[in-house]
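# Model the structure of this input:
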Amino acid sequence: HPSKECEDATKKALDYIPSPLDPYDVLAPTCHDTNPETGNNVGAEFVEQYTPHLTKLSQKYDLDIEYNPCISDWTPKYLNRDDVKAAIHVGSNFTRQWPNHPEGWYYNEGPEGAKKDIALLFPKFFEKAPQWKIIVVSGTADSAVPFMGTERWMECLDRPVAKDWRPWLLNQDVAGMIKDWDHMTFVSVKGCGHTIPTYCPEA
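You can find the predicted model right below:
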């Protein structure tokens, strides 16, 4: 639980956050469409369903957090195409339309669920599958899962460093930074949002 000093500092910092804001890519435009069935902002509904902690944050600090709903509309249409399902080897026994959730499934398993602390899974990976080469990729424009937080929990695993920070290039320009530990690698993608293939497919 954060201290009062931390809470006060957070409130002051949030005064500088622009609004409205796409939390998955702070450099992207937001959408202002309304769901005709509910009368609610489509982007806000998406955020509430898939990242409810951001909704709580927006309510607590009075932030206008939205998301481009076109992406959540295009992706299901694409992934439910027969040719795409065949290309990604979806078995014919799966009849449920993506992204409808299986019964009893909830995205934000949160502090009480399987995602309680993903960092605790990594020592098990290192022990049981030392041959794995794990790469964790993070976009620098993602505020839903900020790259600094990802970098921090990886550092906290206290693994020996194999290769320290260095840039990686795309089209002869710096596209991010890389750091290698003995069994894992952190890669940042400069200016990219939450899902790298969505926001920066070239990377």
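# And the contacts of whichever helix or strand Glu155 is part of?
According to DSSP states H and E, Glu155 maps onto helix 147-156. Contact with helix 147-156 is made by 118-119, 136, 138-140, 179, 181, 184, 186, 188, as judged by CB atoms under 8 Å, 6 or more residues apart in numbering. Bear in mind the C-beta positions are built from the backbone N, C-alpha and C, glycine included.
# Go through that helix and flag the buried ones.
If you call a residue buried by 16 or more other CB atoms under 10 Å, then helix 147-156 has these buried ones: 147, 150-151, 154.
# gap between it and the chain center?
Helix 147-156 sits 14 Å away from the centroid of its parent chain (CA atoms, centre = their mean, to the nearest Å).
# now it: mean pLDDT?
Averaging pLDDT along helix 147-156 gives 92.
# sorry, back to before: which among the contacts of helix 147-156 end up buried?
136, 138-140, 179, 181, 184, 186, 188.
# Of the residues you listed, which belong to strands?
136, 138-139, 179, 181, 184, 186, 188 (DSSP state E).
# and of those, the nearest to Pro20?
Gly139 (19.2 Å; CB to CB).
# Check whether the closest one really touches Pro197, as I assumed.
No. With contacts counted by CB atoms under 8 Å, Gly139 stays clear of Pro197, the gap being 10.7 Å.
# Flag the shaky bits of the chain, pLDDT-wise.
Applying pLDDT under 70 to the chain flags the ranges 1, 29, 31-33, 41-44, 46-47, 49-55, 57, 63-73, 105-116.
# if we go to 90?
1-3, 6-8, 10-82, 85-86, 88-121, 124, 143-145, 193-203 (pLDDT under 90).
# Let's have the contacts of helix 147-156 in TSV, adding distance to Ala129.
Listed next are the contacts of helix 147-156 as TSV, based on distance: CB to CB, whole Å:
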residue	distance to Ala129
Ile118	16
Ala119	16
Val136	15
Ser138	22
Gly139	26
Thr140	29
Lys179	21
Trp181	15
Met184	12
Phe186	18
Ser188	25
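# now, which of those sits nearest Gly104?
Ile118 (21.3 Å).
# Quick check: the gap between the closest one and Val90.
26 Å (CB to CB, to the nearest Å).
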